[in-house]
Structure formats: C-alpha cells, structure tokens
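Visitor: what would the 3D arrangement of this be:
(one chain, ligands or ions: 1)
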Amino acid sequence: MRINVIGGGLAGSEAALSLADFGNKVVLYEMRPTKSTEVHHTDNFAELVCSNSFKSESLENASGLLKEEGCKLGSRLLQIAHHHRVPAGKALAVNRETFAEEVSSRIENHPLIEIKRQEICSLCLDESVNIVCTGPLTSGCLEDFLAELFGESLFFFDAVAPIVAADSVDFSRAFVADRYALDGDYVNCPLSREDYEVFWKELVMAEVAEVENFTDRFLFERCQPFEEIARSGIDALRYGPMKPVGLIDPVTGKEPYAVVQLRKENISGSLLGIVGFQTRLKWNEQKRILSLIPALRAVDIVRYGVMHRNTFLDSPRLLNPDLQSKIKRGLFFAGQISGLEGYVEAIVSGRIVAMNVNRFVHGCQTFIPPSETMIGGLIHHVTVSGRSPLKPVYANFGLLPEIKIRNRREKNRVKVIRAQEEMQRFLEGVER
Ligand SMILES: Cc1cc2nc3c(=O)[nH]c(=O)nc-3n(C[C@H](O)[C@H](O)[C@H](O)COP(=O)(O)OP(=O)(O)OC[C@H]3O[C@@H](n4cnc5c(N)ncnc54)[C@H](O)[C@@H]3O)c2cc1C
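Guide: Residues are numbered from 1 along each chain as shown. Here you go, the predicted structure:
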C-alpha cells in the first residue's frame, strides 16, 4: 500500500524517516520552495520556525519526560537534535541550520523515501495511507479540503519573537546568568524603574501590523504577543517575560526592576532570541521599542517577530486515539494539526503515528502508550478527554492521571516514575 506523508516539517520528517527505517516505501510531499509559509525561511526539512530550544531535559519538567520517552521510542529527529546541541542550561537547544540540514540529508539520501516538492490540495483517500503533517500553517487549499471532509474549519493565531545579532548588544549594560546562578547561558538586559515605565508607555501605544482574520478572541494564552500582555497592566510584563526574579545584576548587586532575557540561537552565540517577546508590532516599531532597553539601544534585528495563523483539527470529535480519522480509515494526522503544540510534541507524535502506520499496513492493530506516559497523556487529551472545541496542548503534568499526594513536586516525581514504568511495559509489549 502506498504511504504518503504530507508536510516535511518536524512531525512529517520524523514520520517519513521512521517509516522508511521500518522498511516501508514512503512518498514525502513538501510544498516548499514552490510555495512557502509566513514563517519558514529555507527549503530544509524540519526547519525550526521560532525558538531553537526543545525545552528542558530535566525530569522535573514535563517536556523533559516527553523527550526521554521520544528517545526510548526511537525518535530519529531527537537523536539528530543531540548531535547539534548548543549550550542552553538545562534545555536541549540546537543549531537550527545544521540540525535541519542533517535531517534533510538523511531524508534525501534514504533509498526508500521519494520526495515530491509540491503543494497537496486534496488527498486520494481510498488507495493510500495518508499522514497529514502540514502543521499550524497548513496551506489554504488543503485546509479547505479538510474543512469540507470534516464539515468544519479551525484556525487561530500565535506570535513569534525577534532574533538579534549578539555583537550589537551593549554588554556593558547586560550580564550573563541563569536564574539563581552566578553564570549561565542567558544574556540579561536590566531595566531601572524609569527605563521600564518609558518602555511600557511606548509599547502599549506602538502600532501593530494588521493580520488577516485576526481578532483578540483567537489569541492563544501561552503565546500572547508581549504588547498584548503589556496592555493588561503596567506590571504584567514584570511578572511575565520580564520578571527579574533570581537574577542579580553584578553592577548593582541587586535584582533589577525588570529584565529582558536573550537566549542563544546558534552554537557560537552570535544570534540571540528575545525570550517571550513574540509580537505583531510593525517592524519599524519593533526596532524603536527594543531601542528603549539600555542594552539594546543599537541592536540589530536579524529576524523580526511576526504574527501567524494556526490551523488544527477539533481532534476529540474527529480523530481516534491512534490519531486516525474516525470517518476515513488510513487517514492519520501528526504534529500541530492534531492539536499537539510544540516541537517535541510534533516529533514524538510523528514517531508514534509512524509506528502505527507500520502496523496498519501489515494488518496489525494500532496502539498508543498508556495515558500515564507523557505522550500517551497528550494523545489521550487531544483525542478523548480534551474538551471540544479543542485548544492545542503541550506537555504538562496536569495531563497525567491524578495521584493523591499534596506536595506538587513530590506528586510530579511519582508521576514521572509511574510514566517510566508504563513506557517500559509498553515497549516490552511492542517487542512481543
Ligand atoms: C510561528 C510559530 C512559532 C512557533 N514556535 C514554537 C517554539 O518556539 N517552540 C515550540 O516548541 N513550538 C513552537 N511552535 C509550535 C509548533 O511546535 C511548530 O509549529 C512545529 O513546527 C509544528 O510541527 P509540525 O510538523 O506539525 O508542522 P511544521 O513544522 O510547520 O511542518 C509543516 C510542513 O508542511 C508543509 N505544508 C503545509 N501545507 C502543505 C501542503 N498543502 N502541501 C505540502 N506541504 C505543506 C509546510 O511547508 C511545512 O514544511 C510554533 C509555531 C509557529 C507557527
């Protein structure tokens, strides 16, 4: 049976490489470079469209558990990510160029993968297995096809932070430290109370770009533009992305009034992303507003923040727990379009769907890890227990079945141990 993977982003690249490594012939469709999206900049497979971080590796963090599970499941992309890591404290951050180049080269040189650089606007649903991995920026014609198939359309908006050149940051007005540490990987740009108040006043008045179909109702709480956060009150940023807690300015020996944090975007640290400053400000306004931060007075913005559309299905109504359509057998979804938000979520869902498609084409029953595991909990949420209409979710301990322990840290620690045991049992079952 012909297996088509539509979309060569994170989920699609993982699914295609995994299926080919299982011994299946795969046709991978990717519309870039013929047609691009608002946020992709290259022709590479598995391009990271925003931050270069795959989040924390610590098992005290839900994303750390998800990554551990992805590695145990045999994720190809997480393995490649480890080859291209750059220093980022407890986080797994990568050099985005070399990471995507290696994924692309593995796909291009795989004897079982055929690449077709074309936009897919409809799917042949009867003779093939299709895995749709077209992500948050699924092209309009495919979105229309899916809307017609399922009888509904769904999209909303997210926002992206600017990236700046490190050599344009004034390091005499910045310091390098992680929270609660004397050194670290983050560049911190402190603001005094006076600096902050001017910055805030100008920010709430700054001009934003018009975005087609944009309404505030569609903003995703976790990825609100920083100007929207600012509008909710003068201190909102100081308690959000600009919080100074645990950061001591070596010049004053005190916590600053507010801080803008910059994180490495490549191994040399020549590019720095502004943490939490996703925005839909006009580009000239981004320049003007950033120049109000003392360390960024003359900053060179190498990639401006943008606002973007986000497409996903109402999966609890439309998908089975194996991420297969309830109405069309052989039509699978992975990545953000299935409602799983985040790079690692996209990758691990691509791996799980590949494992299931491999079983499906060989006439075996599909299965997913139990909901006590982080990937099982995520998939269970988007296909079974999440409320319709769905809001995309990223890994978090709240998704896992409750354990009656009062202390939150201890509860999460026990949830991690239970998840590890369940994953082990699942993997032994897969082998049998
Ligand atoms: C702007 C933005 C910023 C984000 N920032 C982060 C972040 O910092 N951290 C994080 O963890 N998550 C982030 N996310 C969320 C999400 O994790 C990423 O979008 C992730 O890349 C999703 O993976 P995916 O494989 O589902 O989609 P993508 O990686 O976007 O891949 C989809 C692919 O499908 C192709 N395609 C689309 N339509 C068609 C078609 N009709 N035919 C053929 N090909 C098609 C696209 O060109 C693209 O290559 C962000 C999302 C967006 C949109």
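Visitor: for the ligand, what is the nearest residue in the stretch 251-400 of the chain?
Guide: residue 335 (2.4 Å; CB to the nearest ligand atom). Just so you know, the C-beta spots here come from the backbone N, C-alpha and C atoms, and that holds for glycine as well.
Visitor: in this structure, which spans are helices?
Guide: 10-21, 62-72, 76-83, 96-108, 140-150, 193-205, 226-231, 283-290, 315-318, 343-361, 374-380, 408-431 (DSSP state H).
Visitor: chain center to the longest one, what's the gap?
Guide: Same thing as helix 408-431. Centroid separation for helix 408-431 versus its chain: 23 Å, with CA atoms, centre = their mean, to the nearest Å.
Visitor: can you mark which positions in it are buried?
Guide: Buried residues in helix 408-431, defined by neighbour count with 16 or more other CB atoms under 10 Å: 411-413, 415-416, 418-420, 422-423, 426.
Visitor: now stretch 348-361
Guide: Applying 16+ other CB under 10 Å to stretch 348-361 flags 348-361 as buried.
Visitor: and what of stretch 318-329?
Guide: Neighbour-count burial for stretch 318-329 [16+ other CB under 10 Å]: 318-319, 321-325.
Visitor: sorry, back to before: so which of the helices of the chain gets nearest residue 238?
Guide: Closest to residue 238 of the helices of the chain is helix 193-205 (CB to CB; 7.1 Å).
Visitor: ok and the closest one relative to helix 283-290, angle-wise?
Guide: Put simply, helix 193-205 runs at 160 degrees to helix 283-290, going by axes from the mean of the first three to the mean of the last three CA atoms, to 10 degrees.
Visitor: contacts for the strand ranked longest in the chain?
Guide: If you go by DSSP state E, the chain has its longest strand at strand 258-264. Contacting residues not belonging to strand 258-264 are listed as 51-53, 86-88, 93, 164, 166, 169, 174, 185-191, 195-196, 237-238, 241-244, 247, 271-277, 293, 295-296 [CB atoms under 8 Å, 6 or more residues apart in numbering].
Visitor: tell me which residues in it are buried?
Guide: So for strand 258-264, counting by 16+ other CB under 10 Å, buried means 258-264.
Visitor: show me what contacts the spatially most central residue of the chain?
Guide: Nearest to the mean C-alpha position of the chain, by CA atoms, centre = their mean, lies residue 342 at 2.5 Å. Residues near residue 342 by CB under 8 Å, 6+ apart: 55, 63, 394-395.
Visitor: domain boundaries for the chain, per the record?
Guide: 2-154+312-431, 163-308 (automatic domain parsing).
Visitor: does the ligand sit close to the last one?
Guide: Yes. Legend: contact between domain 163-308 and the ligand by CB under 6 Å from any ligand atom is shown at residue 308.
Visitor: take the contacts of strand 258-264 and keep only those in strands.
Guide: 53, 86, 93, 164, 187-191, 271-274.
Visitor: measure residue 389 to residue 257 for me?
Guide: 40 Å (CB to CB, to the nearest Å).
Visitor: what about the closest residue to the ligand within the stretch 51-200 of the chain, how many neighbours?
Guide: Taking CB to the nearest ligand atom, the ligand has its nearest neighbour within the stretch 51-200 of the chain at residue 135, 2.3 Å off. Counted with other CB atoms under 10 Å, the neighbours of residue 135 add up to 24.
Visitor: I'd say it and residue 8 touch.
Guide: No. Counting by CB atoms under 8 Å, residue 135 does not reach residue 8; the two are 9.9 Å apart.
Visitor: partners of the longest strand of the chain, with directions?
Guide: Neighbouring strands of strand 258-264 in its sheet, by DSSP bridges, are strand 187-191 (antiparallel), strand 271-274 (antiparallel).
Visitor: return the first one as PDB; C-alpha atoms alone will do.
Guide: By that I understand strand 187-191. Once non-C-alpha atoms are left out, strand 187-191 reads as follows in PDB (Å, rounded to 0.1, in the frame of the first residue of the first chain):
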ATOM      1  CA  VAL A 187      22.100  37.400  28.400                       C
ATOM      2  CA  ASN A 188      20.100  39.600  30.800                       C
ATOM      3  CA  CYS A 189      19.300  43.200  29.900                       C
ATOM      4  CA  PRO A 190      18.300  45.000  33.100                       C
ATOM      5  CA  LEU A 191      15.900  48.000  33.200                       C
END
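Visitor: buried ones in that strand, by neighbour count?
Guide: Quick answer for strand 187-191 (16+ other CB under 10 Å): 187-191.
Visitor: if we can go back for a sec, could you report the pLDDT at the residue of the stretch 51-200 of the chain closest to the ligand?
Guide: Residue 135 is assigned a predicted lDDT (pLDDT) of 96.
Visitor: and the residue lying closest to residue 163 once chain neighbours are set aside, how many neighbours?
Guide: Among residues not flanking residue 163 along the chain, residue 303 sits closest, at 4.2 Å (CB to CB, 6 or more residues apart in numbering). Residues within reach of residue 303, counting by other CB under 10 Å, total 16.
Visitor: ok, residue 303 - contacts?
Guide: Residue 303 makes contacts with 41, 162-163, as judged by CB under 8 Å, 6+ apart.
Visitor: next one, pLDDT for it please.
Guide: Value for residue 303, per-residue pLDDT: 79.
Visitor: ok, it to residue 424 distance?
Guide: According to CB to CB, residue 303 and residue 424 sit 42 Å apart.
Visitor: ok, is stretch 348-357 in contact with the ligand or not?
Guide: No. For a cut-off given as CB under 6 Å from any ligand atom, stretch 348-357 has no contacts with the ligand; the smallest distance is 6.9 Å.
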